[in-house]
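Asker: Structure, please.
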Amino acid sequence: MVELQLISLASIGVVSLICQWVAWRLRLPAILFLLVAGILMGPVLGVLNPDQLLGDMLFPIVSLAVAVILFEGSLTLKFSEMKEHGKMVRNLLVSGTFVTWFVATVACHFAVNVSWAVSTIFGAIVVVTGPTVIMPLLRAVRPNARISNILKWEGIVIDPLGALLAVLVFEFVISGGRQSDAIEQSFFTFGSILMLGIVLGCSSGYVLGAALRSHWLPQFLQNAGTLMFVLGIFAISNFLAHESGLLTVTIMGIWLANMKGVPVDEILEFKESLSVLLISGLFILLAARLDVDALSVLGLGPVWVILTLILIARPLAVWLAAIGADLSWQEKTFLSWVAPRGIVAAAVSALFAFKLEERGFADAGALVPMVFSVIVVTVILQSITSSALARMLKVQEADNHGFLFIGANSVARQLAKAFVSKGVPVVLTDTSWENIRATRMENLPVYYGNPVSEHAENNLELTGIGNMLAISPYKQLNTLATYHYLDLMGGDHVLGLSEGDQELRASHQSAEKYVRTRDQFDEKVTFAKLASLLSQGAMFKVTQLSAEFNFDTYQEQHGNRLTLLFAISPVGKVYPLGGVESIVPEESWDVISLIKPAPDVVEEKGVEIS
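Answerer: Numbers count the residues shown, from 1 in each chain. Below is the predicted model:
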C-alpha cells in the first residue's frame, strides 16, 4: 500500500514535469496540459485518486498551496506600477472586474440553475486571467505595445485582486449561511474576518519586511523562512477566525510588495522552483478530482455561461473601461477577445467548492466543473484564434528586430544608444542598482532583476524585441541567459561575445546551439576588450554605407583601429559582423563599430555615439 502511494506521488511530479516541457516546446500555457493529464489520470484511467491518496490531508494541503499562490501573486501588486500603466488598466481592474463579476453571476444563476451564493462565488473567481496564461499568448501573438502592456498588467494585478474578491465574497456567503435569519450577525462575522485579515496581514507583512530588510535571517534562510512564516500566519489567522487565512496572506503580500527596501525579487525567484512542484502538482490533483458526470448533468448551461463571458462580459468590460482612453476600435476589439483564465481560478474554485459542500451548499459541486470548463475553452479558443485576429485587425507588431541586452554596464549602454539612434528597440537588464540608475539617467529602457527568472519573463517589456545579446562581465549569467533565451527566441536570435576562455568554450562543445551564439563575432571580441577600448577613448560609431563609400572602403579607412560589431539593413534588421558566417553590408546599410581614436582620422558620414 505504501509503495503504491509512493508511486502515485512520484507520478504526479513526473507527469507535471512532462506537461511543463510540452508546454514549453509548443509555446502554450502549461495549465492546459496539466488539466488534460489530471483528467486522464483521474476520472478517465482511474490511476490517481487524490482522496484515497491523501485522505483527510488533501484539502489542508490544497489550502496551504493556495495560500502560497495568493501570497506570491500579491507580491507583484505594487501600487506605484498600477499608477504608471494608464487609465485603461485601472479601469479594467475596477469597473471591468465588477462588470465581469455581475454578468458571470447572473449567467451562472439562470443558465445553470444554481443558487445565488454559488453563482456569486463563481462570478468572483472567473474575473481573473493571470500571467501564466497571458504571457505565452502575448509571446506567440505579438500584439502592439499598448495592447501588450494592458493585457500584461491586467493579468499580473488581477490575479491577487480577483482572488481577494473571491475570498471576500466567500467569507460573506459563509457568514450569511451561519446566521441566515440574522443579517446583523452575518455582517458582524464578515466584518470580523475582514478586520482580522487587514490587521494581521498588515502587521505580519511589516514584521516580515523588517526582518528581511534588516537581514535578521541569513541569506540561505530567507526564502525558506518567508515560506514558513506565511504558512504559520495562515494557520494562526484561520485559528483566530475561521477561513480568514487566505485574506490575511494576500494582504500580507500586498503590504510587503509596497514596503521600501525589502528584497522582494529574491522571494519571487524562489517561486519558480516551487511552482513546478507545488502549482503543477496541485493542478493535476485538482483535475484528477473533477467529476466529468457532474459536468454532463449540467447540460448546455456551461456553454451558455462561457458564451456570455466571451461575447458579452468581456467586450462590455473593455469598452466601458476604454471610455476616454486613447485606443482604436481595432485595439478595443482585440482586448475584448483575449481573457484566458489560469491557475488561480482553478485552485480557488476547488478549495471553495469543498468548503461550501462542508457547509451544506448542495449545488457547490457545480463550481469546479464550471470553472474548469471556462479555463479549457478560453485557453484553447484564444490561443488558436488570437494571432489571426491580431493580423486581421492590424494590431500585430510588424517585426521583432529589437534587442534584449543582458547587462546594463557602460559598454552595453553605449552600444544600446547606437542601436536606438537607428530606430532599433532595446531593453537592458541588470542586477546592479548602480548600472540600472545610470541607464535610467541616459533614458534607456531597463529592467532591474534577474533576466532569466519567471518574474522577469512576466514583467519584461519585450514588445518588438526578438533578439538577445549577452554583454555582461559575468560569464555564468551570460551562459544562463543564453540557454534561457535560446528556448524562447531560437538559435539565430541569441548572441554573445567570445568568452576568451578556451577551457570554458570547450565545456560547451557538446551544445552546438550555444557555441554558434559565440561564433557570430570575431573571436578576439570579448567584453574585456570592448571595455578596455572604451576606457582608452574608443567610441561606438554608426556609419551609413553608400555606392562611393562601400564596406571595403570603410574597413580600409580605419584599418586595425576598427572593431566590427553589427550591420543594420534598410528595413531595420540587425546582423552581427566579424564571425565565420558574417554577411557583407551593402549600399544604404548602417555599420556599428568600436573605433579607436587617431589624430589623422578622416571625418566620416555617420552618427557618432560617445
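
Asker: what sits against Tyr206?
Answerer: Trp255, Met259 (Cβ atoms under 8 Å, 6 or more residues apart in numbering). Where C-beta positions appear, they are placed from N, C-alpha and C, glycine not excepted.

Asker: What residues sit buried inside stretch 323-335?
Answerer: Buried residues in stretch 323-335, counting neighbours by 16 or more other Cβ atoms under 10 Å, are found at Ala325, Leu327, Gln330, Glu331, Lys332, Thr333, Phe334, Leu335.

Asker: again with stretch 466-486
Answerer: Buried-residue list, stretch 466-486, by 16+ other Cβ under 10 Å: 466-472, 474, 477-486.

Asker: what's the average pLDDT for it?
Answerer: Mean pLDDT, stretch 466-486: 89.

Asker: Now tabulate the buried residues of stretch 323-335 in CSV and tack on distance to His109, pLDDT and secondary structure.
Answerer: Formatted as CSV, the buried residues of stretch 323-335 follow (distance: Cβ to Cβ, whole Å; pLDDT from 0 to 100; DSSP: H, G, I helix; E, B strand; the rest coil):
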residue, distance to His109, pLDDT, secondary structure
Ala325, 31, 83, coil
Leu327, 32, 89, coil
Gln330, 34, 94, helix
Glu331, 33, 93, helix
Lys332, 28, 93, helix
Thr333, 29, 95, helix
Phe334, 30, 95, helix
Leu335, 27, 94, helix
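
Asker: which of those residues lies closest to Val297?
Answerer: Nearest to Val297 out of the buried residues of stretch 323-335 is Leu335 (Cβ to Cβ; 34.7 Å).

Asker: just checking, that closest one touches Leu151?
Answerer: Yes: applying Cβ atoms under 8 Å as the test, Leu335 and Leu151 come out as touching, 7.0 Å apart.

Asker: Identify the single longest helix in this protein, thanks.
Answerer: In the chain, taking DSSP state H as the definition, the longest helix is helix 145-178.

Asker: so what's Arg146 scoring on pLDDT?
Answerer: 83.

Asker: Could you report the separation of Ala321 from Asn91?
Answerer: Ala321 sits 3 Å away from Asn91, going by Cβ to Cβ, to the nearest Å.

Asker: What sits closest to Val47 if chain neighbours are left out?
Answerer: Among residues not flanking Val47 along the chain, Met41 sits closest, at 5.3 Å (Cβ to Cβ, 6 or more residues apart in numbering).

Asker: residue contacts, that neighbour?
Answerer: Contacts of Met41 by Cβ under 8 Å, 6+ apart are Ser11, Val15, Val47, Leu48, Ile284, Ala288.

Asker: Show me those residues that map onto helices.
Answerer: Judged by DSSP H, those include Ser11, Val15, Ile284, Ala288 as members of helices.

Asker: Of those residues, which is the most crowded?
Answerer: With neighbours defined as other Cβ atoms under 10 Å, the most crowded of the ones in helices among the contacts of Met41 is Ile284; it has 27 neighbours.

Asker: With Ile254 as the reference, measure out to that residue.
Answerer: Separation of Ile284 from Ile254 (Cβ to Cβ): 29 Å.

Asker: domains of this structure?
Answerer: Domain segmentation of the chain under automatic domain parsing yields 2-393, 402-609.

Asker: and Asp552, how many residues sit next to it?
Answerer: For Asp552, using other Cβ under 10 Å, the count is 10.

Asker: Local confidence estimate at it?
Answerer: 91.

Asker: Only the buried residues of whichever strand or helix holds it, if you could.
Answerer: Per DSSP states H and E: Asp552 is located in helix 551-558. For helix 551-558, the neighbour count (16+ other Cβ under 10 Å) marks Phe551, Tyr554, His558 as buried.

Asker: any idea how far that helix is from the chain center?
Answerer: 46 Å (Cα atoms, centre = their mean, to the nearest Å).

Asker: Let me know the angle separating the helix or strand following it from helix 551-558.
Answerer: Scanning forward in sequence from helix 551-558 by DSSP H and E, the next helix or strand is strand 562-568. Taking axes from the mean of the first three to the mean of the last three Cα atoms, to 10 degrees, strand 562-568 and helix 551-558 form an angle of 150 degrees between their directions.

Asker: after strand 562-568, next one along is what?
Answerer: Criterion used, DSSP H and E; the element after strand 562-568 is strand 574-576.

Asker: Which elements pack onto that next one?
Answerer: strand 562-568 (3 or more Cβ pairs under 8 Å, 6 or more residues apart in numbering; DSSP states H and E).

Asker: quick one: contacts for Phe419?
Answerer: Taking Cβ under 8 Å, 6+ apart as the contact definition, Phe419 lies against Phe403, Pro425, Val426, Phe566, Val574, Ile592.

Asker: Quick check: Gln555 vs Leu564, distance?
Answerer: According to Cβ to Cβ, Gln555 and Leu564 sit 8 Å apart.

Asker: scratch that, Asp492 is what I was asking about
Answerer: 19 Å.

Asker: In JSON lines: the buried residues of helix 551-558, plus distance to Gln52.
Answerer: Shown next, in JSON lines, are those (distance: Cβ to Cβ, whole Å):
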{"residue": "Phe551", "distance to Gln52": "72"}
{"residue": "Tyr554", "distance to Gln52": "74"}
{"residue": "His558", "distance to Gln52": "75"}
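
Asker: Can you tell me which of those is closest to Ser214?
Answerer: Of those, the one sitting nearest to Ser214 (Cβ to Cβ) turns out to be His558, at 54.6 Å.
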